[in-house]
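Undergrad: I would like to see how this sequence folds:
(2 chains)
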Amino acid sequence: AQRVTQPEKLLSVFKGAPVELKCNYSYSGSPELFWYVQYSRQRLQLLLRHISRESIKGFTADLNKGETSFHLKKPFAQEEDSAMYYCALNQFGSYKLIFGSGTRLLVRP
Amino acid sequence: GAGVSQSPSNKVTEKGKDVELRCDPISGHTALYWYRQSLGQGLEFLIYFQGNSAPDKSGLPSDRFSAERTGGSVSTLTIQRTQQEDSAVYLCASSSRGGSFTEAFFGQGTRLTVV
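TA: Numbering: from 1, shown residues only, chains lettered A, B, ... in the order given. The predicted structure follows:
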């Protein structure tokens, strides 16, 4: 069965420190992976997807099929990065986006 | 409208009562999804509508939950005989085609509290 695991409920870092939000998935086929973000009092929105291999707001995520991971990284965290981050998995051609339990990132000044 | 709209924003109901949650998707989006966001539980898939196809109801947690989508646009999620464990934020999302989550947009959610 498809499953997404985000082991950290809360990650607290100081401004300027590197940050890595962990995501591991369980899926036997070819996954499509995403990171979604929800800022305070805002809607859930797409941050990035692995297929695009892009950097959004300084964040990157690399799919590691060997370790079944899709960790989200940023070299220098900013206070405005404080938000709830969800990792999600979708089977190619499917429509059930499976979410992890989320990690709250708190960037302190 | 400019985005996915959900109403009400907040709903407090007594245990045992029925509630209806509404979702207005982005105009022209053929796919519509409902998710439930519980504290510490992530987002739980509930149901999916795509055009005129039969909806995928496999995520609905019990037969107290049902959903309709009228005219391929507005959707209503109904919870009958609400229980305290139904308390959560219910999110709706729409996309221009199924399975393409780069184009999925979420509503602001309905926070349901069952007392």
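Undergrad: touching the helix or strand of chain B with the lowest mean pLDDT from outside, list them.
TA: Taking mean pLDDT, DSSP states H and E as the measure, chain B has strand B:42-50 as its least confident helix or strand, at a mean of 88. For strand B:42-50, contacts defined as CB atoms under 8 Å, 6 or more residues apart in numbering or on different chains pick out A:4, A:6, A:44, A:86, A:88, A:95-102, B:30-38, B:55-57, B:59-61, B:65, B:67, B:69, B:75, B:77, B:90-91, B:98. Using the backbone N, CA and C atoms, a C-beta is placed for each residue, glycine as well.
Undergrad: ditto for stretch A:8-16
TA: In contact with stretch A:8-16 (CB under 8 Å, 6+ apart) are residues A:19, A:21-22, A:76-79, A:101-109, B:40.
Undergrad: how does it look with 10 Å?
TA: A:19-23, A:74-82, A:85, A:101-109, B:40 (CB atoms under 10 Å, 6 or more residues apart in numbering or on different chains).
Undergrad: select only the buried ones of those in ChimeraX?
TA: In ChimeraX, this line selects whichever of the contacts of stretch A:8-16 come out buried by 16 or more other CB atoms under 10 Å in any protein chain shown:
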select /A:19,21,22,23,74,77,81,82,85,101,102,103,105,107
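Undergrad: pretty sure A:E80 sits in a strand.
TA: No: A:E80: not assigned to a strand; according to DSSP: H, G, I helix; E, B strand; the rest coil it is helix.
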